[in-house]
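# no letters, just coordinates:
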């Protein structure tokens with residue numbers, strides 16, 4: 001009915017606050033994920049640095065270094081992978097809270113109640129349009 005632009009503007013305005021909140025949440029969760037991925041590389045770099053020093057000091061041989069390196073890489077990768085699920089766990093918790101809140105709500109109007117005033121209606125559900133015309137919103 002030529003109100004598309006106004007409806008889109010109202011819809012965009014209504015989404016502004018949730019969008020801002022979502023962006024803040026995304027920044028926090030992505031920062032945590034980036035930190036976990038960077039920590040993985042820092043741990044590997046630390047193992048190489050310490051391993052190189054200990055090999056140079058003849059405290060370890062090359063075989064021991066590679067055993068420690070592989071173990072550390074595997075452990076750091078698995079630990080970093082856990083952080084990939086942190087945003088999902090947060091969303092799951094919030095969703096379950098919302099569902100429980102919805103289930104606990106009592107409606108303002110109880111449709112199953114027999115008390116109150118009944119309104120009798122003779123409406124048949126027929127609808128007729130007479131002399132209706134349409135026009136294009138953009139003048140085309």
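It's in. All values derive from a computational prediction rather than experimental measurement.
# gap between the two ends of stretch 112-119?
Its start and end residues considered, stretch 112-119 measures 15 Å (CA to CA, to the nearest Å).
# my guess is residue 68 meets residue 51, correct?
Yes: using CB atoms under 8 Å, residue 68 makes contact with residue 51 at a distance of 6.6 Å. Just so you know, the C-beta spots here come from the backbone N, C-alpha and C atoms, and that holds for glycine as well.
# shared neighbours of the two, anything?
Residues within reach of residue 68 and of residue 51 at once, by CB atoms under 8 Å, 6 or more residues apart in numbering, are residue 60.
# just want the most central residue of the chain.
Residue closest to the average C-alpha location in the chain (CA atoms, centre = their mean): residue 91, at 5.8 Å.
# residues in contact with the host helix or strand of it: which ones?
Per DSSP states H and E: residue 91 is located in helix 86-104. Contacting residues not belonging to helix 86-104 are listed as 25, 29, 32-33 [CB under 8 Å, 6+ apart].
# now that helix: how far from the chain's centre is it?
Relative to its parent chain, helix 86-104 has a centroid offset of 11 Å by CA atoms, centre = their mean, to the nearest Å.
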